[in-house]
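Enquirer: Okay, predicted coordinates and the sequence, questions at the end:
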Amino acid sequence: MLQGAIYKIRVILGGAAPICFRMSINLPLNKASFTLDTSGVMGFFGGEEALSAMSTVHLYRGRRWLGWYNSPGSYTVAKKFGQLAKSRFWDGIFPGPNPTPEEMFGLDGKEGPRFIGVFSGTDMTTTGHLAYLTAQKAKEAKEIEGKIHLGGRITARGSVSIIDVDSVKLKQGGDALTMKVYHVLCAAAIPITSSLATCLACAFVRDWLAFGLIIVGMVSNGLSCFVIGSGKLHFQLVEPSSYAPRGDGFLMLRNDIIVLKGAEREVTSITKAKLVLNMGDGEEFNTVGICSLLLLSQFLIQLLLVPRATLFGQIMFLSSLAVSWAYNSFLSSLEKEKIQTDLLWKSLDEPPITKFALPNRGSQAACACFVLHAGVDTSKKSSTNFKPKKILEYMIPNDTRVWEAWREHVAKQVLSEKTIKDFEPHRELIKDLEDEEQQLLKQLLADAKYGYGCYQRSIKTCGLTP
């Protein structure tokens with residue numbers, strides 16, 4: 001009947017007026033009888049990767065501008081970073097401890113090794129995060145004396161690393177350097193492009209709900225990345241007295257000794273200074289709290305509305321999340337501690353590290369003690385503050401008659417001004433020792449002689465003053 005009426009109208013009008021029919025786009029998968037129920041996973045999936053990726057935002061230059069993509073794990077990120085905000089209101093929404101920004105982003109909190117100052121008398125049971133990074137850098141350094149060519153009696157192998165920090169000129173409140181890694185920044189174009197492409201695909205098929213949900217994810221993640229990444233990373237130094245003695249000392253690890261040589265201010269730049277992240281938002285960090293609330297709102301909106309989108313829109317939404325998760329996983333695979341260590345070393349003007357592999361503890365302790373004594377001005381009365389026997393006791397605390405005799409003899413050789421050192425057991429040294437103890441002392445003194453040989457090679461390599 002309708003077709004007949006249309007035909008009569010066309011006849012009356014003489015067929016001159018065309019009849020306009022409404023065009024419609026056939027939605028892909030429009031006749032499917034099921035939908036993807038993504039509400040149970042989209043807020044939690046990829047949460048750890050998203051957290052790890054966000055924690056690198058201060059280490060790369062320009063990284064804060066590149067968060068405009070629909071990222072998974074918004075609930076996990078919101079609950080974690082929301083704890084930075086400090087007020088009763090924010091504590092009610094994001095319960096838990098309120099860590100400092102440095103602790104939250106892994107820029108502080110690691111305990112460094114024990115430090116002994118040989119002139120100042122400083123004895124720090126634990127040092128700070130920068131000393132921990134310095135120890136990691138020393139571990140990475142290549143040894144001059146390769147393990148294959150180790151001489152001497154091999155027992156518990158160790159090493160002595162020498163770091164001259166005299167040229168280090170860190171400033172109070174000076175900005176820490178950031179990493180320029182173009183492949184990391186260029187890789188951000190992949191999730192951003194993917195999120196934009198899925199948005200356009202949803203708009204093309206007029207699935208405005210899926211389109212809006214992806215936009216919400218892009219905006220909330222982009223704003224959060226920008227706000228959190230706006231923090232400035234700088235050094236907080238401890239200013240010693242201008243009359244303080246030299247800061248020479250050593251960091252003690254399980255099998256390694258790291259010798260730091262330099263003025264007190266430069267040495268404390270490693271042992272006592274720390275990285276501070278200035279968020280520029282007062283002490284309550286309300287802006288971070290608002291961003292976390294935005295991420296939490298994103299999670300709730302997507303939780304409720306994604307199942308209402310078409311199947312095609314749900315597939316586009318999940319596709320954007322999958323690409324973003326892959327990018328977050330890539331950022332998570334980068335070693336943050338390695339990046340922090342490299343940035344610290346660049347900020348310190350990359351002081352050289354000379355590292356010797358030693359075959360045993362006796363050689364290691366003797367070498368380190370001779371290195372620490374290098375450059376001491378014996379004409380000054382303050383040179384008596386250098387106590388080699390006490391230093392050797394820190395390194396080898398064994399309380400036996402043989403080790404006591406060994407420390408006493410090696411300490412005398414360290415202070416001796418003779419060019420040729422004597423590492424033979426004297427009669428006065430061994431008169432109270434039994435035969436087995438005398439043989440053991442002879443072995444230990446031979447170990448010390450090998451350590452002294454490594455010290456002599458360090459003079460040529462590091463330019464130390466004997």
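Expert: Alright, I've got the coordinates.
Enquirer: need the longest helix for the chain.
Expert: For the chain, the longest helix by residue count, based on DSSP state H, is helix 435-462.
Enquirer: helices and strands around that helix, which ones?
Expert: Where contact means 3 or more Cβ pairs under 8 Å, 6 or more residues apart in numbering; DSSP states H and E, helix 435-462 is packed against strand 158-164, strand 353-358, helix 361-373, helix 401-415, helix 427-430. C-beta here means a position set from N, CA and C on the backbone, and glycine is covered the same way.
Enquirer: Which stretch among those is buried most, on average?
Expert: With neighbours defined as mean count of other Cβ atoms under 10 Å, these peak in mean count at helix 361-373, which reaches a mean of 27.
Enquirer: after that one comes which helix or strand?
Expert: Next helix or strand after helix 361-373 toward the C-terminus (DSSP states H and E): helix 388-395.
Enquirer: Report the buried residues of stretch 208-218.
Expert: The neighbour-count check on stretch 208-218 (16 or more other Cβ atoms under 10 Å) flags 209-218 as buried.
Enquirer: Please tabulate the residues you listed in TSV, including the columns secondary structure.
Expert: Below are the buried residues of stretch 208-218 laid out as TSV (DSSP: H, G, I helix; E, B strand; the rest coil):
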residue	secondary structure
L209	helix
A210	helix
F211	helix
G212	helix
L213	helix
I214	helix
I215	helix
V216	helix
G217	helix
M218	helix
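Enquirer: between the longest helix of the chain and helix 361-373, what angle do the directions make?
Expert: Helix 435-462 and helix 361-373 are oriented at 40 degrees to each other (axes from the mean of the first three to the mean of the last three Cα atoms, to 10 degrees).
Enquirer: How far away from the center of its chain is helix 435-462?
Expert: Chain-centre distance of helix 435-462: 38 Å, with Cα atoms, centre = their mean, to the nearest Å.
Enquirer: tell me the angle of it relative to strand 353-358?
Expert: Angle, helix 435-462 to strand 353-358, by the same axes, to 10 degrees: 160 degrees.
Enquirer: Please point out which parts of helix 435-462 sit buried.
Expert: Of all the residues in helix 435-462, those buried under the rule 16+ other Cβ under 10 Å are 440-441, 444-455, 458, 462.
Enquirer: And the helices in the stretch 151-300 of the chain?
Expert: Here the stretch 151-300 of the chain has its helices, by DSSP state H, counting those that start in this stretch, at 182-187, 189-204, 208-228, 264-271, 286-305.
Enquirer: Low-confidence bits of this protein, can you list those?
Expert: Flagging of the chain using pLDDT under 70 yields the residue ranges 1-44, 145-152, 172-175, 181, 281-282, 460-466.
Enquirer: Does A244 touch G121 like I think?
Expert: No - A244 is beyond contact range of G121, at 11.0 Å (criterion: Cβ atoms under 8 Å).
Enquirer: V165: what's its closest spatial neighbour, skipping adjacent residues?
Expert: Distance criterion Cβ to Cβ, 6 or more residues apart in numbering; nearest residue to V165, sequence neighbours excluded, is G262 at 3.8 Å.
Enquirer: what's the neighbour count on that neighbour?
Expert: For G262, the count of nearby residues is 21 (other Cβ atoms under 10 Å).
Enquirer: got a list of what it touches?
Expert: Listed by Cβ atoms under 8 Å, 6 or more residues apart in numbering, the contact set of G262 reads 164-166, 168, 246-248.
Enquirer: Could you do Y69 as well?
Expert: Counting by Cβ under 8 Å, 6+ apart, Y69 touches 188, 191-192, 194-195, 217-218, 221-222, 320, 323-324, 327.
Enquirer: can you redo those residues as a markdown table with distance to K346?
Expert: Below are the contacts of Y69 laid out as a markdown table (distance: Cβ to Cβ, whole Å):
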| residue | distance to K346 |
| --- | --- |
| A188 | 23 |
| P191 | 29 |
| I192 | 29 |
| S194 | 33 |
| S195 | 34 |
| G217 | 35 |
| M218 | 34 |
| N221 | 30 |
| G222 | 29 |
| S320 | 36 |
| V323 | 32 |
| S324 | 31 |
| Y327 | 26 |
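Enquirer: ok, of those, which come out buried?
Expert: Applying 16+ other Cβ under 10 Å to the contacts of Y69 flags 188, 191-192, 194-195, 217-218, 221-222, 320, 323-324, 327 as buried.
Enquirer: Roughly how far does the spatially most central residue of the chain sit from V165?
Expert: Centroid-nearest residue in the chain, with Cα atoms, centre = their mean: E337, separated by 2.7 Å. Between E337 and V165 the distance is 20 Å, computed by Cβ to Cβ, to the nearest Å.
Enquirer: Could you do I270 as well?
Expert: From I270 to V165 the distance is 7 Å (Cβ to Cβ).
Enquirer: Let me know the secondary structure of H58.
Expert: Per three-state DSSP, the local secondary structure of H58 is coil.
Enquirer: so who does it touch?
Expert: Shown in contact with H58 (Cβ under 8 Å, 6+ apart): 105, 107, 178, 229, 231, 233, 277.
Enquirer: Repeat that for N255.
Expert: 156-159.
Enquirer: Ok, S159 next?
Expert: By Cβ under 8 Å, 6+ apart, the residues touching S159 are 143, 255-257, 355-358, 364.
Enquirer: quick one: it and M252, what's the gap?
Expert: For S159, the distance to M252 (Cβ to Cβ) stands at 12 Å.
Enquirer: all strands for the stretch 51-200 of the chain, in order.
Expert: Assigned by DSSP state E, counting those that start in this stretch, the strands in the stretch 51-200 of the chain fall at 114-117, 123-124, 158-164.
Enquirer: how about those strands, which one is nearest G82?
Expert: For these, proximity to G82 was assessed by Cβ to Cβ; strand 123-124 is nearest, at 34.8 Å.
Enquirer: re earlier: which one of A244 and G121 is surrounded by more residues?
Expert: Shown here are A244 and G121; by other Cβ under 10 Å, A244 has more neighbours (15 against 12).
Enquirer: Now that one: phi and psi?
Expert: With angles defined as degrees, to the nearest 10, A244 sits at phi -70, psi 150.
Enquirer: With the one 3 residues further on instead?
Expert: Backbone dihedrals for G247, given as degrees, to the nearest 10, come out at phi -90, psi 10.
Enquirer: Please work out how many residues are found near it.
Expert: 26.
Enquirer: can you pull the contacts of it?
Expert: 117, 119-120, 240, 260, 262-268.
Enquirer: can you check P245 too?
Expert: Applying Cβ under 8 Å, 6+ apart to P245 gives the contacts 119-120, 264, 382, 385.
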